[in-house]
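Enquirer: Compute the structure for the input listed below.
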Amino acid sequence: QVQLVESGGGLVQAGDSLRLSCTASGGTISKDSMGWFRQAPGKEREFVAAITWNGNIRDYGDSVKGRCTISRDNTKNTVYLQLTNVNSEDTATYYCAHAYRTLLGTFRGDDWGPGTQVTVSS
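Expert: Residues are numbered from 1 along each chain as shown. Take a look at the predicted model:
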C-alpha cells in the first residue's frame, strides 16, 4: 500500500510563501489524482487543492484561490503545494491524500499522510 509523507511545514511569517511536498513510497501515484487538505485547531478538515494524474486539471479551495499552486513530479512520486502571501488563517496541519471528486463537486481524500504543521506568525 502506498504511504504518503508530507514535509516542508514550519513557522512562516505572514506575507511570506511556503512550499510543501508530499512523497509517496511503496508504490506509484503517477496515475492518481492527488490533493492537499488542511485542518486548523477546532475546525473541520478543509479542501485546499487537487491535481489530476497528468496535471491537466487543478482545483483549488475558495480560501486559497489566487494564492495557491499545486503541482507534481511523477518521476519523483511527489506532489507539491505552494502558498503565497500566507496569513494567520493558513495556520493548520496540512495533509496529502488521494483525492476524489464527489457528485456534489466537492473533494474527499483517502490514504492520508501524517500531516505537516504550518504556523503563520504575524
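Enquirer: give the contact list for E89.
Expert: Contact analysis of E89 by C-beta atoms under 8 Å, 6 or more residues apart in numbering lists 40, 63. Just so you know, the C-beta spots here come from the backbone N, C-alpha and C atoms, and that holds for glycine as well.
Enquirer: So for it, what's the pLDDT?
Expert: On pLDDT, E89 comes in at 96.
Enquirer: Does it belong to a helix, a strand or coil?
Expert: Classification of E89 by DSSP: H, G, I helix; E, B strand; the rest coil places it in helix.
Enquirer: Now do the same for the longest strand anywhere in the chain: mean pLDDT, whole number.
Expert: Once the chain is assigned using DSSP state E, the strand that runs over the most residues is strand 92-101. Averaging pLDDT along strand 92-101 yields 97.
Enquirer: ok, then the element right after it?
Expert: Stepping forward along the backbone from strand 92-101, the first helix or strand reached (DSSP states H and E) is strand 107-110.
Enquirer: From S122, how far out is the residue nearest in space to the middle of the chain?
Expert: By C-alpha atoms, centre = their mean, the chain has its centre lying nearest to W36, at 2.3 Å. Taking C-beta to C-beta, to the nearest Å as the criterion, W36 is separated from S122 by 23 Å.
Enquirer: Equivalent analysis for L103, please.
Expert: The spacing between L103 and S122, counted by C-beta to C-beta, is 40 Å.
Enquirer: Same question for T84.
Expert: T84 sits 16 Å away from S122 when distances are taken as C-beta to C-beta.
Enquirer: now could you export just the CA positions of stretch 115-122 as CSV?
Expert: This file holds the C-alpha atoms of stretch 115-122, laid out as CSV (Å, rounded to 0.1, in the frame of the first residue of the first chain):
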residue,chain,number,x,y,z
GLY,A,115,0.5,15.7,8.0
THR,A,116,2.9,18.6,8.4
GLN,A,117,2.2,21.6,10.7
VAL,A,118,2.3,25.1,9.3
THR,A,119,2.2,28.0,11.7
VAL,A,120,1.9,31.6,10.4
SER,A,121,3.2,34.3,12.7
SER,A,122,2.4,37.9,12.3
